[in-house]
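okay, here's the prediction I keep looking at, along with the sequence it came from:
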Amino acid sequence: MKKSALLLFALLGAIVLAACQPQTVEVTRVVTETVTETEQVEVTRVVTETETVTETVTETVVETQRGQGDQLTLFFWQAPSNLMPYLSGGGKELETSAIVIEPLARYNPQGEMFPLLAEEVPTLENGGFAADLMSITWKLREGLLWSDGTPVTSADVIFTYEFCNDPDTGCASADLFSEIASIDAIDDLTIQVNFSAPTPFPYKPFVGFNSPIIQAAQWADCVGAAAIGCTEQSFQPIGTGPYIVNEFLPNDSVLYDANPNYRDPNKPYFASVFIKGGGDAEAAARAVLETGEADYSWNLQVAPEILAQMELSGQGTIQSALSTNLERIMINFTNPDPALGDDRSEYLDGNNPHPILSDINVRKALSMAIDRNVLTTFGYGTLAKPTCNFLPGPPAYVSTANDPCPQDIEGANALLDEAGIVDTDGDGIREKDGLPLKFVYQTSTNAVRQGYQAFIKQWWAEIGVETELRNIDAAVYFGGDVASPDTFTKFYTDVEMYTNGATGQDFASLFANYTCANVNGAENNWFAGGVTRYCNPEYDALLDQLNAEGDTATRQEIVKQLNDILVQDVVLIPLTYRGSVSGFSNRVLGGRVNPWDAELWNIADWTESSG
């Protein structure tokens with residue numbers, strides 16, 4: 001097995017390297033360079049050095065005018081299907097809408113909260129967060145305008161809550177609002193959010209790029225079941241951000257213009273932004289690092305040696321940072337058989353279990369067969385780490401109960417043998433209750449992910465499992481089209497793979513995606529968050545404890561317990577603790593990768609080099 005894995009590794013590496021030009025450049029190894037900015041912000045980028053280098057960079061602040069720069073070009077190889085994050089489950093919609101619609105507060109690259117549309121972040125210390133933990137009071141900045149010139153008021157904040165709180169809306173962020181009992185408008189600029197129980201972490205609603213404020217006037221007729229038909233609003237949302245939408249072509253491109261009513265009269269510096277979609281991660285990296293066709297490229301899921309070669313061209317640099325992003329395999333706990341028609345992958349109150357994967361012995365064997373070290377080294381090099389945990393960071397929240405998790409093909413075979421799941425007809429494929437262990441394994445189209453699939457297919461074959469591999473264009477796979485059968489939220493296959501993580505340090509919302517209440521299905525347009533269709537009342541009760549707990553140390557222990565349930569019940573299979581990896585051209589000044597919120601979190605501050 002080890003020999004065959006190494007041969008496959010070498011073959012895949014050769015395929016990936018062959019796709020990158022020039023091939024005459026030899027890169028012996030990749031390390032990281034830490035650049036300490038004068039604002040004490042750490043940025044990690046890929047370099048071809050033999051040691052870690054630390055340098056101090058002093059940035060000169062130059063007074064600029066709105067629209068002084070020309071067009072900024074961003075390459076999102078996973079193109080957005082809409083610009084409304086509440087009606088999509090994908091990170092690409094979150095990112096590309098974040099420069100248009102904004103929350104009350106946001107997280108910086110260190111995971112620290114700062115006010116955006118609010119005057120300040122309410123806390124116990126400043127009196128904005130009630131001592132009984134039952135309410136929080138936000139005050140909007142004075143003079144805020146929507147891009148259409150109308151004022152932003154408390155009514156817009158309350159409407160946002162009402163929009164997402166309606167179960168028929170199918171809001172992808174509904175859990176963020178689930179603890180709210182009511183919201184009161186104290187005046188036109190002041191909102192008091194009242195909770196149904198003491199809430200030690202009151203920053204779920206209206207904080208971060210997955211909880212922006214939307215304009216009540218634009219979305220008034222889109223609450224409930226009508227929301228999914230509001231295409232014009234989803235394609236051209238009215239916002240408060242630095243840019244407005246000029247033209248949107250779903251799954252292709254977006255053209256933005258500077259918002260004439262943006263709150264800072266001297267920003268944004270760039271007159272327009274063009275987001276180019278399509279292609280793949282390597283093309284996106286090349287456009288920034290080699291050809292200079294783009295100024296920024298997102299989510300560079302590219303083999304590290306390729307990125308290092310590209311960076312030698314001198315056109316741009318790579319930035320990377322770790323937060324909680326996890327590349328994982330998700331297990332479908334329901335039956336995805338197409339013959340079921342409308343009941344395909346529907347939970348049906350627990351009456352539609354997966355005929356094979358409902359057996360924990362099968363799920364455990366699939367996990368045991370995987371070599372996470374081989375996968376991570378192949379796909380990300382030093383920009384990621386193999387992991388056994390659902391929540392791989394930050395360290396204070398990471399469980400040690402699941403380490404190590406080495407590959408164990410022999411153990412996986414023994415486990416299946418003991419469970420009576422054996423190959424009865426000699427075709428090399430085991431059967432359970434007469435059904436062969438044949439699974440469809442889907443993910444997005446990407447060289448690294450197809451490499452992961454190839455490794456895993458081989459390893460699963462060694463334990464008597466046949467795997468059909470399927471890859472789907474990322475714009476479709478991560479899209480919000482409820483008519484498409486190929487989205488990761490519909491999950492019409494047995495297993496699937498992708499990455500996501502927490503926004504800021506609100507881990508309760510991340511874990512809420514595995515509760516009974518949030519199981520995905522047709523009734524919520526497959527946007528509730530429960531992709532696996534897992535339901536465990538004991539898990540739900542533990543999450544309720546987390547939501548009611550105020551002591552940090554106790555919260556950390558509860559998070560570890562929640563993590564252990566998901567890992568040990570094999571609700572998913574953790575693979576790789578991934579960093580957020582993006583490319584910035586030398587033209588751009590001020591861009592900083594942000595693993596806790598939108599990567600375009602400070603695009604209003606970007607300027608350009610004079611060089």
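In hand now; what should we look at?

CA only for contacts and neighbour counts going forward, please
OK.

how many neighbours does Lys432 have?
For Lys432, the neighbour count with other Cα atoms under 10 Å is 19.

ok, and the closest non-adjacent residue to Ala197?
In space, and not counting its chain neighbours, Ala197 is closest to Met134: 6.2 Å by Cα to Cα, 6 or more residues apart in numbering.

what segments of the stretch 101-250 of the chain are helices?
Shown for the stretch 101-250 of the chain, the helices assigned by DSSP state H, counting those that start in this stretch span residues 154-165, 216-219, 231-235.

with the stretch 351-500 of the chain instead?
360-368, 372-380, 409-418, 447-461, 474-477.

contacting residues around Ser580?
Residues in contact with Ser580 (Cα atoms under 8 Å, 6 or more residues apart in numbering) are 299, 319-323, 325, 593-595.

among those, which lie within strands?
Among these, the ones falling in strands (DSSP state E) are 319-323, 325.

ok, of the residues you listed, which one's closest to Glu120?
Each of the ones in strands among the contacts of Ser580 was checked against Glu120 using Cα to Cα; the closest is Ser323, at 24.6 Å.

could I get the contacting residues of that closest one?
By Cα under 8 Å, 6+ apart, Ser323 lies in contact with 393-394, 501-502, 579-580, 595-596.

what about those, which one has the most neighbours?
Within those, neighbour counts (other Cα under 10 Å) peak at Trp596, which reaches 29 neighbours.

wait, that one touches Thr503, no?
Yes - between Trp596 and Thr503 there is a contact under Cα atoms under 8 Å: 5.3 Å.

re the thing from before, of all the helices of the stretch 101-250 of the chain, which one is nearest Asp417?
Across those, Asp417 has its closest neighbour in helix 154-165 (47.9 Å, Cα to Cα).

what are the buried residues along the closest one?
Neighbour-count burial for helix 154-165, with 16 or more other Cα atoms under 10 Å as criterion, is recorded at 154-165.

where in this protein is the helix or strand with the lowest mean pLDDT?
Between all helices and strands in the chain, the lowest mean by mean pLDDT, DSSP states H and E belongs to strand 31-37, at a mean of 32.

endpoints of stretch 469-483, how far apart?
Criterion Cα to Cα, to the nearest Å; first-to-last residue distance in stretch 469-483 is 22 Å.

returning to that earlier point: can you redo the buried residues of helix 154-165 as JSON lines with pLDDT?
Output for the buried residues of helix 154-165, formatted as JSON lines (pLDDT from 0 to 100):
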{"residue": "Ser154", "pLDDT": "98"}
{"residue": "Ala155", "pLDDT": "98"}
{"residue": "Asp156", "pLDDT": "98"}
{"residue": "Val157", "pLDDT": "98"}
{"residue": "Ile158", "pLDDT": "98"}
{"residue": "Phe159", "pLDDT": "98"}
{"residue": "Thr160", "pLDDT": "98"}
{"residue": "Tyr161", "pLDDT": "98"}
{"residue": "Glu162", "pLDDT": "98"}
{"residue": "Phe163", "pLDDT": "97"}
{"residue": "Cys164", "pLDDT": "96"}
{"residue": "Asn165", "pLDDT": "95"}
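
quick one, strands of the stretch 201-350 of the chain?
Ranges of strands within the stretch 201-350 of the chain are 243-249, 253-258, 270-277, 296-297, 316-331, based on DSSP state E, counting those that start in this stretch.

what comes into contact with the second one?
When contacts are taken as Cα under 8 Å, 6+ apart, the neighbours of strand 253-258 outside the stretch itself are 66-67, 79-80, 242-248, 268, 270-277.

and if you look at the shortest one?
Outside of strand 296-297, the residues that reach it under the criterion Cα under 8 Å, 6+ apart are 73-76, 284-285, 287-288, 582-585.

try 6 Å this time
74-75, 284, 582-584 (Cα atoms under 6 Å, 6 or more residues apart in numbering).

in strands, which of those fall?
Counting by DSSP E, the part of these found in strands is 74-75, 582-584.

okay, Gly150 and Pro237: tell me how far apart.
I think there's a mix-up here, since residue 150 is Thr and not Gly. 14 Å.

so which of these two has more stuff around it?
A direct count of neighbours by other Cα under 10 Å for Thr150 and Pro237 places Pro237 higher, at 22 against 13.

skipping adjacent residues, who's closest to Ile331 in space?
Spatial nearest neighbour of Ile331, excluding adjacent residues (Cα to Cα, 6+ apart): Val495 at 5.0 Å.

so what's Lys490 closest to, chain neighbours aside?
In space, Lys490 comes closest to Trp526 once its chain neighbours are excluded; the distance is 5.8 Å by Cα to Cα, 6+ apart.

quick check, that neighbour in contact with Asn520.
Yes - at 4.5 Å, Trp526 counts as touching Asn520 under the criterion of Cα atoms under 6 Å.

can you map out the strands along the stretch 451-600 of the chain?
In the stretch 451-600 of the chain, strands defined by DSSP E, counting those that start in this stretch lie at 466-472, 495-500, 572-585, 588-589, listed in chain order.

buried ones among the contacts of strand 253-258?
Neighbour-count burial (16+ other Cα under 10 Å) is assigned, among the contacts of strand 253-258, to 66-67, 79-80, 242-245, 248, 268, 270-277.

just the pLDDT for the residue most central in space within the chain.
For the chain, the residue sitting closest to the mean C-alpha position, by Cα atoms, centre = their mean, is Asn500 at 3.3 Å. Per-residue pLDDT puts Asn500 at 91.

one more: the one 5 residues further on?
The predicted structure scores Gln505 at 79 on the pLDDT scale.

what number of residues lie near it?
The number of residues packed near Gln505 is 21, by other Cα under 10 Å.

can you tell me the closest non-neighbouring residue to it?
Gly111 (6.8 Å).

over to Ala271?
The shortest distance from Ala271 to any non-neighbouring residue, by Cα to Cα, 6+ apart, is to Gly67 (3.7 Å).

likewise for Pro436?
In space, and not counting its chain neighbours, Pro436 is closest to Arg430: 5.7 Å by Cα to Cα, 6+ apart.

and if you look at Asn332?
Using Cα to Cα, 6+ apart and skipping residues adjacent in sequence, the residue nearest Asn332 is Thr532, 4.9 Å away.

return the residues in contact with the one you found.
By Cα under 6 Å, 6+ apart, the residues touching Thr532 are 331-333.

before we move on, what about Glu468?
Val440.

can we see that at 10 Å?
438-442, 453, 457, 493-494 (Cα atoms under 10 Å, 6 or more residues apart in numbering).

so how far is Leu435 from it?
Per Cα to Cα, Glu468 is found 16 Å from Leu435.

returning to that earlier point: let me know the closest of the contacts of Ser580 to Ala172.
Nearest to Ala172 among the contacts of Ser580 is Asn325, at 18.4 Å by Cα to Cα.

what number of residues lie near the closest residue to Val476 other than its chain neighbours?
Nearest in space to Val476, with sequence neighbours left out and distances taken as Cα to Cα, 6+ apart, is Thr487 at 6.2 Å. Per other Cα under 10 Å, the neighbour tally for Thr487 reads 26.

got a pLDDT number for Gly381?
Per-residue pLDDT puts Gly381 at 89.

thinking it is in contact with Glu305, fair?
Yes - taking contacts as Cα atoms under 10 Å, Gly381 lies within contact range of Glu305: 8.0 Å.

more crowded one of the two?
Taking other Cα under 10 Å, Gly381 and Glu305 do not tie; Glu305 has more neighbours (24 against 18).

thought the more buried one was touching Glu282?
No - here Glu305 does not reach Glu282: they are 11.7 Å apart, not a contact under Cα under 10 Å.

the residue nearest to Pro436: what's it in contact with?
Counting by Cα under 10 Å, 6+ apart, Arg430 touches 416-417, 420-424, 436-438, 461, 463-466.

which of these are buried?
Those of these that meet the buried threshold are 416, 421-423, 436-438, 461, 463-466, by 16+ other Cα under 10 Å.

and which of those residues is nearest to Leu104?
Using Cα to Cα, Lys438 comes nearest to Leu104 of the buried ones among the contacts of Arg430, at 47.6 Å.
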